[in-house]
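Q: here's my sequence, what's the structure:
(chains A and B)
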Amino acid sequence: MTNHWIDIANSDAILIIGSNVAETHPIACKWIGKAQDRGAPVIHVDPRFTRTSAKADIHCAIRPGTDIAFMGGLIRYAIEQNLISREYLAAYTNAPYLVHPKFAFTDGLFSGFNQATGRYDQATWTFQAGPDGQPLTDPTLEHPQSVFQHLKRHYARYTPEMVAAVTGIPKDTFLKAAKAFCATGAPAKAGTILYAMGTTHHTVGSQNVRCHAVLQLLLGNIGLAGGGINALRGHANVQGSTDFGLLYGNLPGYLALPRQQDHPTLASYLEKETPKAGFWVNKPKFFISLLKAWWGDKAARENDFCYDYLPKVSGDCSYLAMFEAMLAGKLRGLIVIGQNPAVSGANVGMERKALGQLDWLVVRDLFPTETANFWNAPGVDPSTIKTEVFLLPASTYLEKEGSVTNSGRWIQWRYRVAEPLGAARSDGWFINNLVLRLKRLYVGSLQPKDRPILDLHWGYGEDRPDVDRIAREVNGYYWVDRKQVRNFTALKDDGSTACGNWIMSGFYFEENRAKSRKAEPEGIGAHLGWAYAWPLNRRILYNRASARPNGEPWDPDRVVLRWDPVATQWVGNDIPDFRGDLAPTAPGGSNPFIMRADGKGALFSALLEGPFPEHYEPFESPVSNLLSKVQRNPLVRINPADWNRLGDAKQFPIVATTYRLAEHHHATTRYLTWLVEMMPNMFVEMGRELAEEKGIKNGDVCTILSARGQIRAVACVTERLKPFALNGRTVHQIGLPWHWGFVGISRGDSANVLTPHVGDANTQIPEFKAFLCDVRRGG
Amino acid sequence: MAEMAILIDVTRCSACRACQVACKEWNRLPGETTTFTGSYQNPPDLSATTWTLVQFRESADGDGLHWRFRKAQCMHCTDAICYAVCPNDAITKYPEGNVVINQDRCQGCLRCVESCPFQVPHLNPTTKKTAKCTGCVDRVMNGLPPACVKTCTSGALQYGGRARLLREAKARRDKLFPRGVIYGEREMGGLHVLYLLPGPSALYGLPEGLAGTGALGAALERVTRFALSSRG
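A: Coordinates of the predicted model:
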């Protein structure tokens, strides 16, 4: 989140797209309700009418996989109706920059596409520079080569009629939503976008999110209280996991994992990864402090701070690629912690087979999961499986201590209230003991390849690790006396400081502020004394933009920060997300987006598919792309193996999407009687019209088929799902919760038997949310 | 202690059903074996082991599609018929408003089951006694809010002085929900579970006509008929 949960109450309009917040994050309804009480309209964009839609003012029933068409329609509407914030755009974004004269968009592709490699040459996705090397700009935004005019031309095709024909949202409903949300382009208004996996689980997932950024910049909604782009993370500590580099391309603190080809040496890594301007110029300090935290005394300037010890990635190491490699027998072992890929993976039929190619599999969980029992899945003969499976009981969150970082980046301490039952142990215990035992096994080894383990600086005690010591390392300390650094501005690139995760640095200087619990009765709900938000306890990112270029707040009633010319300081309700004594008129004083080299919000920014998001159809789609001749994201590659067949709309004419319910947490809660009682069976939601066509009645058992497999589910026939009217055609949809699997007290088929193994071009996140199937009565 | 109540603000409820689970957890009620029958509502009805339940009502009426949620449980009536008809003196009415079935005294005669205008008490087939929501009498008498209120995620449930809650509910209705209804102010002599509904009570499955002075008499008459017929 750029903002945080409580701040949703400050919004003047709430756009919920790709999230069923009432069912997946029920507590958020408290803050959404407060905004509604103040008159803020809530717009819910979702294929199904859900519990969130029931609380919303406007429901836009969108065909799965057409978010860019909808968002592009909003972008066009905001520009055409002149609801954009021109002062904000000119001062804080790259809207005035002049784009390379050869940049173009033709027939669904941007300039530079290489048909042979399927990749873009991005040479024209750049700006015209003056003699000083700075981009040429037109602050009036009228120059035909300006980013703004390019953007305007790009989205000119996204008319309300086109939005209706592509997404299935009736034109008048779309216009109602557009009017309600784009009204927040007024200077003193703020609108927020809430999104989750419904946005990201697509082959265009990254560009879906980019759309949110473009619209929010156009409306001047970023940096303000009640504004921002707010990703609702799926569990209590998904944010913390991401912050610690759990994604395959990251180290802690969003430092890139070195790649063999690009970063063979420390010098090459720092050279390629450090921009010339913006806050990331400090990257070497963060990176070398991380190496120091990991290899301590062994990390010295002479040996590049043990850079060679870091594994270097070669090739695609994403989740999808990992399972494909596993299926091909290229992986020997797998440790699964807090995940259940045999239920939650894409195309689980394939992923379960892949698990059977391993020599060994370790699963740590609260219950025996489907992953731990993949060898015993329906239709599998255990005698044919050679994998040795270890199921290790994990402790619950009540049985361990440490910090949890919520979606709003608040680092909050949790205490242990009970000892784990029986042989259960915390994940921290497991990792600590695994490392200590590995180190003992390698003692005496003279082989260089074993040095990274032997030299690892690892001192958290025996048995259960000392979480306080871990927290201190995360904050960072001076190597010489082990004293905590004040925050990441004290980190050095000479080996004199160590820091486990620079973005969190500052949370534990003199005291562990994750434990702080001082609520604020007044103000904008920032609660600066409650826990600690990274970075540096800033509650709203890019908050320089909450004030006009001259330092006056856009909204005097919802001050985030204002420039006090007497004190020559920024003052207000938040910590400045920039230098607090930097006058608005000083050089760089109007650069809110501090992590970018130029400090400006990027309307024009290169992801792999292009600098502006463009609609492409999902990999399995019932219709042809109306916006261009390019049907699918041209940057995405799909494994053409037989297990990954794509379905054709003639055979599989129905659009399907998957989701979670309020009553279950992933696949684990089907062991809990109180939750199973509320949601006892796998079901399929379908509209009355489809049910009548197929002769299906409420409560009937049905079979759902895709090109990958088939499952059984109980029919939930409802008015809440409607067929889409697409350019004169009717397309039906079904919805499938994905919680079920073959173990637990409530068992059922897994929706992911049906989903394809294909992912977003930038992140490889799988396309769970839009695929084709057919449904028939009977099981 | 002053007269207390639970206010259920339906305009704020998102049907997350945490209240259903919290009730079972605090009162040590078992999960029932259910099947999915085509509605999110499950268990399908209140029972001796399900004391509160979020009801789901889907309708496509005049102004569009609605999915209405209402938490159902014992209303803890001032003119509690169950109390009036119980032949075994098994029901206690507390000054705070809680109406509680004493399991030691209940003989399972079903008079309360038959007479309740809200179909709340149910016979437990194992113990042969009737059971229902106690208003968490064991919590509230010790200064804690009822379990459902404590766990409510969206702020839809509040526990407090009945007069204050009524005042706040009316103020909220007048400000934000011009067609809203306060249910429970006068029904059955005044309920200790109050609803703020955004529309007519019938849309939420709440019986009308219980607000007059004749309500208790009419209900008692029904019980008498039941008693006579069961004797025959």
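
Q: in chain B, which residue sits nearest chain A?
A: B:G31 (2.9 Å; C-beta to the nearest C-beta). Quick note: C-beta positions are derived from backbone N, CA and C, even for glycine.

Q: could you report the pLDDT at the closest residue to that residue other than its chain neighbours?
A: Using C-beta to C-beta, 6 or more residues apart in numbering or on different chains and skipping residues adjacent in sequence, the residue nearest B:G31 is A:T673, 2.9 Å away. If you check A:T673, the pLDDT there is 97.

Q: now do the phi/psi pair for A:T673.
A: phi -60, psi -40 (degrees, to the nearest 10).

Q: try A:G422
A: In terms of degrees, to the nearest 10, the main-chain angles of A:G422 are phi 50, psi -130.

Q: can you get me a residue count around it?
A: If you count neighbours by other C-beta atoms under 10 Å in any protein chain shown, A:G422 ends up with 7.

Q: so how far is A:I8 from it?
A: 41 Å (C-beta to C-beta, to the nearest Å).

Q: chain B contacts on chain A?
A: In this structure, chain A approaches chain B at residues A:22-23, A:26-27, A:29-30, A:33, A:37, A:49, A:51-55, A:59, A:662-663, A:672-681, A:683, A:698-699, A:714-720, judged by C-beta under 8 Å from any C-beta of the partner chain.

Q: so where is the chain shaky, pLDDT-wise?
A: Unless you meant another one, I'm taking chain A. For chain A, applying pLDDT under 70 flags no range at all.

Q: actually it's chain B I care about, not the one you picked
A: Within chain B, the ranges that satisfy pLDDT under 70 run B:1, B:213-232.

Q: can you list the residues of it near chain A?
A: Contacts of chain B with chain A, taken as C-beta under 8 Å from any C-beta, map to B:11-12, B:14-18, B:20-21, B:24-25, B:30-40, B:42-43, B:58-60, B:65-69, B:153-155, B:176.

Q: and the residues of chain A next to chain B, which are buried?
A: Those of these that meet the buried threshold are A:22-23, A:26, A:29-30, A:33, A:49, A:51-55, A:59, A:662-663, A:672, A:674-681, A:683, A:699, A:714-718, A:720, by 16 or more other C-beta atoms under 10 Å in any protein chain shown.

Q: which ones among the residues of chain B next to chain A lie within helices?
A: Taking DSSP state H as the definition of helices, the residues of chain B next to chain A contribute B:18, B:20-21, B:24-25, B:176.

Q: looking at the residues you listed, which is nearest A:E689?
A: Using C-beta to C-beta, B:Q20 is the member of those that lies nearest A:E689, at 31.9 Å.

Q: what segments of the stretch 301-450 of chain A are helices?
A: Along the stretch 301-450 of chain A, counting by DSSP state H, counting those that start in this stretch, helices occupy A:319-327, A:341-344, A:348-355, A:427-442.

Q: distance to A:R645 for those helices - can I get that in JSON lines?
A: Rendered in JSON lines, the data for these read as follows (distance: least, C-beta to C-beta, whole Å):
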{"stretch": "helix A:319-327", "distance to A:R645": "15"}
{"stretch": "helix A:341-344", "distance to A:R645": "20"}
{"stretch": "helix A:348-355", "distance to A:R645": "11"}
{"stretch": "helix A:427-442", "distance to A:R645": "37"}
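
Q: now those in JSON lines, with mean neighbour count and distance to A:N644?
A: Below are the helices of the stretch 301-450 of chain A laid out as JSON lines (neighbours: other C-beta atoms under 10 Å in any protein chain shown; distance: least, C-beta to C-beta, whole Å):
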{"stretch": "helix A:319-327", "mean neighbour count": "20", "distance to A:N644": "9"}
{"stretch": "helix A:341-344", "mean neighbour count": "25", "distance to A:N644": "16"}
{"stretch": "helix A:348-355", "mean neighbour count": "25", "distance to A:N644": "7"}
{"stretch": "helix A:427-442", "mean neighbour count": "15", "distance to A:N644": "32"}
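
Q: how close does the residue nearest to B:G31 get to A:P393?
A: A:T673 is 20 Å from A:P393, where distance means C-beta to C-beta.

Q: again with A:Y88
A: Separation of A:Y88 from A:P393 (C-beta to C-beta): 53 Å.

Q: nearest residue to residue 50 in space, please, no chain neighbours.
A: All of this refers to chain A. Spatial nearest neighbour of A:T50, excluding adjacent residues (C-beta to C-beta, 6+ apart): A:N20 at 4.7 Å.

Q: hm, I was asking about chain B
A: Nearest in space to B:T50, with sequence neighbours left out and distances taken as C-beta to C-beta, 6+ apart, is B:P43 at 4.9 Å.

Q: next, give phi and psi for the one you found.
A: The phi/psi pair for B:P43 (degrees, to the nearest 10) is phi -50, psi 160.

Q: same question for A:E273.
A: Dihedral pair for A:E273: phi -90, psi -10, per degrees, to the nearest 10.

Q: now do the end-to-end distance for stretch A:743-762.
A: Terminal residues of stretch A:743-762 are spaced 34 Å apart (C-alpha to C-alpha, to the nearest Å).

Q: could you do stretch A:728-740 as well?
A: End to end - C-alpha to C-alpha - stretch A:728-740 spans 36 Å.

Q: what residues of that stretch count as buried?
A: Here stretch A:728-740 shows A:731-740 as buried, counting by 16+ other C-beta under 10 Å.

Q: for stretch B:76-89, same thing?
A: With burial defined by 16+ other C-beta under 10 Å, the residues of stretch B:76-89 counted as buried are B:76-86.

Q: any chance of those in JSON lines, plus distance to A:A186 and secondary structure?
A: As requested, these are exported to JSON lines (distance: C-beta to C-beta, whole Å; DSSP: H, G, I helix; E, B strand; the rest coil):
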{"residue": "B:H76", "distance to A:A186": "48", "secondary structure": "coil"}
{"residue": "B:C77", "distance to A:A186": "50", "secondary structure": "strand"}
{"residue": "B:T78", "distance to A:A186": "51", "secondary structure": "coil"}
{"residue": "B:D79", "distance to A:A186": "54", "secondary structure": "coil"}
{"residue": "B:A80", "distance to A:A186": "54", "secondary structure": "coil"}
{"residue": "B:I81", "distance to A:A186": "56", "secondary structure": "helix"}
{"residue": "B:C82", "distance to A:A186": "57", "secondary structure": "helix"}
{"residue": "B:Y83", "distance to A:A186": "58", "secondary structure": "helix"}
{"residue": "B:A84", "distance to A:A186": "60", "secondary structure": "helix"}
{"residue": "B:V85", "distance to A:A186": "62", "secondary structure": "helix"}
{"residue": "B:C86", "distance to A:A186": "63", "secondary structure": "coil"}
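
Q: now the residues of chain B next to chain A: which count as buried?
A: Buried among the residues of chain B next to chain A (16+ other C-beta under 10 Å): B:11-12, B:14-18, B:20-21, B:24, B:31-32, B:34, B:36, B:38, B:40, B:42-43, B:58, B:65-69, B:153-154.

Q: shouldn't A:V636 be in contact with A:H757?
A: No - checked against C-beta atoms under 8 Å, the pair A:V636 and A:H757 is beyond contact range at 11.8 Å.

Q: of these two, who's got more company?
A: Shown here are A:V636 and A:H757; by other C-beta under 10 Å, A:H757 has more neighbours (25 against 20).
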